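> got a sequence here, can you build the structure:
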Amino acid sequence: MSEGPKLYTNKPKKAHLKQFQDQQIFASSPSSTMPSSQSSTPPPPPPPPQLPKESFARRYKFLWPLLLTVNLGVGAYLFMRTKKKEIDVEEEVTTAVSTVAQTTPTTEKPLPLPTITEPVKLREPISEDQQREVFKWILEEKRKVKPKDPEEKKQIDEEKALLKQFIRAKSLPRI
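Residues are numbered from 1 along each chain as shown. Next comes the predicted model:
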């Protein structure tokens, strides 16, 4: 009367499995009409039915579309963010060109030169110590700059070399 394990096409719920196990235990329990020699050793309960083990991908098959959608969303966000930066740079360049084009005169008439009513005031010359301090400060600021490409790095290196020459020189040019 004991049947082997059943292979289910659909996975049964835990409540159904418990009912099935309870039914098997009650069916195999000794009756009162059995001889006393058999009642001392109850028959072992049959093993619970083995459920087929499903693979991870099949167990969580509802997660795959969600995972793909999230990946596509993140990828699109990153792509559009970098694309937006490139567009912003292009817009800045075009607006700068258009403002320059608008401010340049379109007529061929020469502009009148402004007349100087006040005499130009000559300022005191900056001392060499102050110039060296300014050059040192500029050099420190150049060291903090992080270049974006090799050409910019080369230009910054040249400027730093020139500043070092000015700092080390015995006499500085007048500013």
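> in the protein, what helix or strand scores lowest on average pLDDT?
For the chain, using mean pLDDT, DSSP states H and E, the weakest element among its helices and strands is helix 36-39, scoring a mean of 50.
> other residues contacting the host helix or strand of R143?
According to DSSP states H and E, R143 maps onto helix 128-144. By Cβ atoms under 8 Å, 6 or more residues apart in numbering, the surrounding residues in contact with helix 128-144 are 126, 156, 159-160, 163-164, 166-167, 171-172, 175. (C-beta placed from N, C-alpha, C; glycine too.)
> can you tell me which one of those sits lowest on pLDDT?
Of all the contacts of helix 128-144, I175 has the smallest pLDDT value, namely 63.
> quick check: domain ranges of the chain?
Domain assignment for the chain by the TED database gives 56-90, 126-174.
> out of those, which gets the lowest mean score?
domain 56-90 (a mean of 83).
> list the buried ones in that one?
Buried residues in domain 56-90, counting neighbours by 16 or more other Cβ atoms under 10 Å, are absent.
> with distance to Q21 added, can I get the domains of the chain in JSON lines?
Listed next are the domains of the chain as JSON lines, based on distance: least, Cβ to Cβ, whole Å:
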{"stretch": "domain 56-90", "distance to Q21": "23"}
{"stretch": "domain 126-174", "distance to Q21": "70"}
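> H16 is nearest to which of those?
Taking Cβ to Cβ, domain 56-90 is the member of these nearest to H16, at 19.1 Å.
> what's the helix or strand for N71?
Short version, using DSSP H and E: N71 is in helix 63-103.
> L17 too?
Using DSSP H and E, L17 maps to helix 14-28.
> kindly export that helix (C-alpha atoms) in CSV.
Coordinates of the C-alpha atoms in helix 14-28 are reproduced here as CSV (Å, rounded to 0.1, in the frame of the first residue of the first chain):
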residue,chain,number,x,y,z
LYS,A,14,3.7,23.2,2.4
ALA,A,15,0.2,22.8,3.8
HIS,A,16,-0.5,20.0,1.3
LEU,A,17,2.7,18.3,2.1
LYS,A,18,1.9,18.3,5.8
GLN,A,19,-1.5,16.8,5.1
PHE,A,20,0.1,14.2,2.9
GLN,A,21,2.6,13.3,5.6
ASP,A,22,-0.1,13.2,8.3
GLN,A,23,-2.2,10.9,6.2
GLN,A,24,0.7,8.5,5.7
ILE,A,25,1.5,8.5,9.4
PHE,A,26,-2.2,7.7,10.3
ALA,A,27,-2.4,5.0,7.6
SER,A,28,0.8,3.3,8.9
